[in-house]
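Asks: Sharing a model that was predicted from the sequence below.
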Amino acid sequence: MDRQYVKPGPWAALKRLNTEDRFVIGSMLLTLAGIALGALVANANIFGFTILAVLAVLVIGLVVTHSPRLAWLFPFGAVAGVLELWADWVHVTAPHSLVYTNFFGFKVLASPSYMPIGWGVTAVQFGYLALRLRERWPARAAVGALAVLGLAIPPWYEELAAPAHAWHYTTRGPALSHTPVWVILTYAGCMFFIATAALTWYARGAWGRAVVAGAFAGAGLMFSSVAAISLLGR
């Protein structure tokens, strides 16, 4: 007698996740939860504490798994996160399109103190997703999926920043609620460059390549924001 087919339950996909996956996905859920809490209680300092907690989760994940991917992604994310300060500084000081109202203790250039860490862990998270998707999909499909995901997930950070009194935008272009459309497009571009950099330069233990990839991703963050605001920010 043939065995009766049983449709996989909702937990089947979770069972296929490895330990690395669980740490990275857990860090992303923690990011969204912490930022939502900051908006709910109207306290931007929770953004900073959330980013530090997310970093701790990823560090613990690295220690537990000894993952060569996560090890490579840490310097990659660090370089991208530091270079993102350049993009922030341009938007704060030149067109004055971005206004920060909370700095979590102190500024780094024109940004809150947690911002380079925030973008660093974002590069780790999305770089990891790109490398994992590449195991099953062609590179172009993996990059495209991450760009689309960039349209959906990170812009929620922006939407929740206003009620948390963390930052806001001054541009007059089209917007969805609190978030200008140019910012949403910027995130798609950022995830495109992060995914492309990770897939192009990743090699186990190749720390110099991680630095080059982080520099490429950081430049992509600047290009994406400038291109998007030029098109839709005025």
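Replies: Thanks, I have it.

Asks: and the residue most central in space within the chain, helix, strand or coil?
Replies: Nearest to the mean C-alpha position of the chain, counting by CA atoms, centre = their mean, stands Thr122 at 2.7 Å. Taken by DSSP: H, G, I helix; E, B strand; the rest coil, the conformation at Thr122 corresponds to helix.

Asks: Check the gap between it and Ile194 for me.
Replies: 8 Å (CB to CB, to the nearest Å). In this view, the C-beta of every residue, glycine as well, is placed from N, C-alpha and C.

Asks: circling back: double-check the residue nearest to the centre of the chain against Pro154; I have them as touching.
Replies: Yes: with contact defined as CB atoms under 8 Å, Thr122 reaches Pro154; the gap is 6.9 Å.

Asks: Give me the neighbour count for Phe193.
Replies: 26 (other CB atoms under 10 Å).

Asks: Kindly apply the preceding question to Leu151 instead.
Replies: 13.

Asks: thinking it is in contact with Val181, fair?
Replies: No: contact criterion CB under 8 Å: Leu151 and Val181 do not qualify, at 10.4 Å.

Asks: and Ala142, what helix or strand is that in?
Replies: Using DSSP states H and E, Ala142 sits in helix 139-152.

Asks: Please enumerate the strands of the protein.
Replies: 98-100, 107-108, 111-112, 167-169, 175-176, 179-180 (DSSP state E).

Asks: Could you save those strands as CSV and add columns showing mean neighbour count and mean pLDDT?
Replies: As requested, the strands of the chain are arranged in CSV below (neighbours: other CB atoms under 10 Å; pLDDT from 0 to 100):
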stretch, mean neighbour count, mean pLDDT
strand 98-100, 17, 92
strand 107-108, 16, 94
strand 111-112, 24, 95
strand 167-169, 19, 90
strand 175-176, 14, 82
strand 179-180, 22, 87
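
Asks: For the ones you listed, could you give me a markdown table that also reports distance to Ala80?
Replies: Formatted as a markdown table, the strands of the chain follow (distance: least, CB to CB, whole Å):
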| stretch | distance to Ala80 |
| --- | --- |
| strand 98-100 | 18 |
| strand 107-108 | 15 |
| strand 111-112 | 14 |
| strand 167-169 | 20 |
| strand 175-176 | 26 |
| strand 179-180 | 22 |
